[in-house]
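Trainee: Sequence and predicted structure below; questions after.
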Amino acid sequence: MSLRHRAISTFLFLIGLSLLFVPAARAAKPIVIGCPLSMAFLYGWDAERGITLAVEEINADGGVAIGGEKRPFKIEVIDTRDLEPGVPVSEALLAMEKLILDKKADFIIGGPVRSEAALAAMPLLSKYKKVSILTTGALTPKYTDLVAEQYDKFKYCFRIHGEAKNLVGEIFANFTELKEKHGFKNLFIVAQDVSHARGAAELVKDIATKKGWNVTGLEIYPTGATDFSMGLLKAKDTKAEIINIWMDMPESAILLKQWHDMKIPALPFGSTLAAAEQPGFWKATNGKGEFTLCNVVNAGNAPSNATPWTMKFYNAYTKRWGVEPEGLGTSSSYMAVYVLKDAILRAGSLDSSKIVDALEKTDIVGVYGRVRFDPKSHQIIPSTDPKEGAVGSILQWQDGKRIVVYPKSIAMGEILLPPWMKK
Amino acid sequence: MDIIIYGTINSVALALYALGFALVYGISRLPNFAHGALYVLSGFVAWSALNILGINYLLSILLAIAVTAIVGSVIYQFFLIRIRGMEISEIIATYAIALAILEGLRWGGFKGMTYTLPPFIEGSAAIGGISVDYQRLLTVGVGAALVAFLWLFTHKTRIGLALRGMAQDERAALMLGIDSDVMAVVAMGLGSSLAALSAMLLLPLGNIVVESGYNVLILAIAVCIVGGLGSWAGAVLAAFIIGFAQILTAVYLGSHYQMVVALLAIILTLIFKPSGIFGQQKELEERV
């Protein structure tokens, strides 16, 4: 081959090679969603899976139409480790800053997961004007209260799942039903020594007392406690009929096993009770967790027919991950991506202020009912009717299944008592 | 009655956490900060053997104990032998190994709350009107048997006597032909197998989680410091003191302060009797 031929061949080869890369070069720039999550824990990885599923679905559909082109979502997950014992809040803040500065996140969806870390991250979001939708873990009412109090500063912060005050209301609706049905009047509260759990336990105690319940004790356990026998015996001795549990530590499974082994005649009613939320709980406790109730915060985290989208999401998640939606942050994390997409479409821009305005006007029927944010506090508007607002889900373990028992509008069954409680 | 029953169970659990740590330190003066990690590792080995390999439960337990003993011995033979005698380095190295094991397990997907081992015996009995499950009663029985076995092993067998010789005076033991490195390997293996055995007894009461590795280490250290580093009898006595103190705290002050008991015990011991109840570090006492 002559030198001329070789030069022409090389030239054609290079042109061919460059053509191969044309689609990539023309591919739309992705919209980066930063996900600060505590990945070693349920409330971290369930959120990541929910977000991933939504992003995959949206990208498969072409992405988000903006500025005359369809742009895909891209996820950047960072481990905040904020649910790990002994890890300072500053770790979560560093992780969040890295997402914004290094990973160039356009929006934040997910955590930080622990309330303390989520609160500490608010000024950071404000500083960088990053719109954040909190989807998992953090339940403190203070988060959205702060938005209402200092709107101009914290207007970038939204929360798409229920908060502690709402959870408490849901719990009392059930307590009242148990009181009317079985004559229960004695309540024992067990909480983990973390901010949201302590606060919520104190709140439950106050409200219960005002509502005429006899609160027979409030036990606070340090994170990592492995023996709950004395607390359970106190509950038994004080003739408690309900044990209200606020714990997200893994050792809460020990509490429930001990409850079963000691045949404590009080119904374990978890509020945040991570161990009982997971589908694997039944096998992990050899069925000893039967009759345990827990609040998975939003519908879709346990099977129900809240909206036509609920089981569609439930089945898609199960198919994608080989496990049913696992914890309280699953359906809300999934939904947050769709809500963001909807806001971007309406805003026609990625500008933070325009997205804030659009999110405030959100009104779509999602996995757990009608999704709307309170325009002042940016808290999702709750309801017991999925046509009116976001509905929660309280489930009870019955014969190896997670049966939704509250709210009545989506309930799949009724609360049952263990045999040793039946009179 | 409930205080006696659950105080005893809690104390035996603490003794089980600590015996392996005390044994390794007692013989080879090695502060094994990987003790808690080995405890967790054994749990996951047993779980994997039972649920992934489908091996019989008893064989899974034996496999977990054997694997943990080998891992402990390997840790000494390949890492700690090089820094033997440098206590700060030993602490740093063993803690680093603990982090590597625990974070490695987490990285390998062992996270969540659904990893559990089944109890040996289901059901519960009423003692003095207090309901106690059989697994906890078994733990107390095995714990007592283990202490007896360790005493017999260290007083009646050649290896046990060699280990005691090492513990009492390493130089004299060397002069008598006892290989200190071999004995240290044996001690690490034995200490690690004790961590595994305690895990096999205690993990069926709850679940296997990486985080418990740190708690087990803290409790083991607390028991050993109060009992006197290197003293097995001291460790057992300290386990009962801390165990009952924790239960009494839970009953009269609140469960919130349970963890404080162990840490407070360390502080008080270091202030008033730095060598612990039966401590063998007389030089430390003399210095104070």
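Mentor: Nice, I can see it.

Trainee: rest of the way, CA atoms for contacts and neighbours
Mentor: Will do.

Trainee: how far does stretch B:52-66 sit from the chain's center?
Mentor: 20 Å (C-alpha atoms, centre = their mean, to the nearest Å).

Trainee: now check it, is it near chain A?
Mentor: No - shown here: stretch B:52-66 not in contact with chain A (C-alpha under 8 Å from any C-alpha of the partner chain), separated by at least 14.8 Å.

Trainee: Convert that stretch to CSV, retaining C-alpha atoms only.
Mentor: Extracted in CSV, the C-alpha atoms of stretch B:52-66 (Å, rounded to 0.1, in the frame of the first residue of the first chain):
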residue,chain,number,x,y,z
ILE,B,52,-26.0,-20.2,51.8
LEU,B,53,-24.1,-23.5,52.0
GLY,B,54,-27.0,-25.3,53.6
ILE,B,55,-24.9,-27.0,56.2
ASN,B,56,-26.4,-28.5,59.4
TYR,B,57,-26.7,-26.0,62.2
LEU,B,58,-24.3,-27.8,64.6
LEU,B,59,-21.7,-28.2,61.9
SER,B,60,-22.2,-24.5,60.9
ILE,B,61,-21.4,-23.6,64.5
LEU,B,62,-18.3,-25.8,64.6
LEU,B,63,-17.2,-24.4,61.3
ALA,B,64,-17.7,-20.8,62.5
ILE,B,65,-15.6,-21.5,65.7
ALA,B,66,-12.9,-23.2,63.7
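
Trainee: Give me every residue in contact with it, excluding its own residues.
Mentor: B:42-43, B:45-47, B:49-50, B:192-194, B:196-197, B:200 (C-alpha atoms under 8 Å, 6 or more residues apart in numbering or on different chains).

Trainee: list the contacts for B:F79?
Mentor: Residues counted as contacts of B:F79 (C-alpha under 8 Å, 6+ apart) are B:A93.

Trainee: which parts of the stretch 1-150 of chain B sit against chain A?
Mentor: So the stretch 1-150 of chain B meets chain A at B:2, B:6, B:10, B:106, B:111-118, B:123-124, B:131-133 (C-alpha under 8 Å from any C-alpha).

Trainee: go with 6 Å
Mentor: Residues of the stretch 1-150 of chain B lying close to chain A (C-alpha under 6 Å from any C-alpha of the partner chain) are B:113-114, B:116, B:131, B:133.

Trainee: Let's have those in TSV, adding neighbour count.
Mentor: As requested, those are exported to TSV (neighbours: other C-alpha atoms under 10 Å in any protein chain shown):
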residue	neighbour count
B:M113	26
B:T114	23
B:T116	23
B:S131	20
B:D133	21
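
Trainee: Which residue is the nearest non-sequential neighbour of residue 81?
Mentor: Since you didn't name a chain, this refers to chain A. Spatially, and ignoring its direct neighbours in sequence, A:R81 is nearest to A:S38 (4.4 Å; C-alpha to C-alpha, 6 or more residues apart in numbering or on different chains).

Trainee: nope, chain B please
Mentor: Nearest non-adjacent residue to B:I81 (C-alpha to C-alpha, 6+ apart): B:D181, at 7.5 Å.
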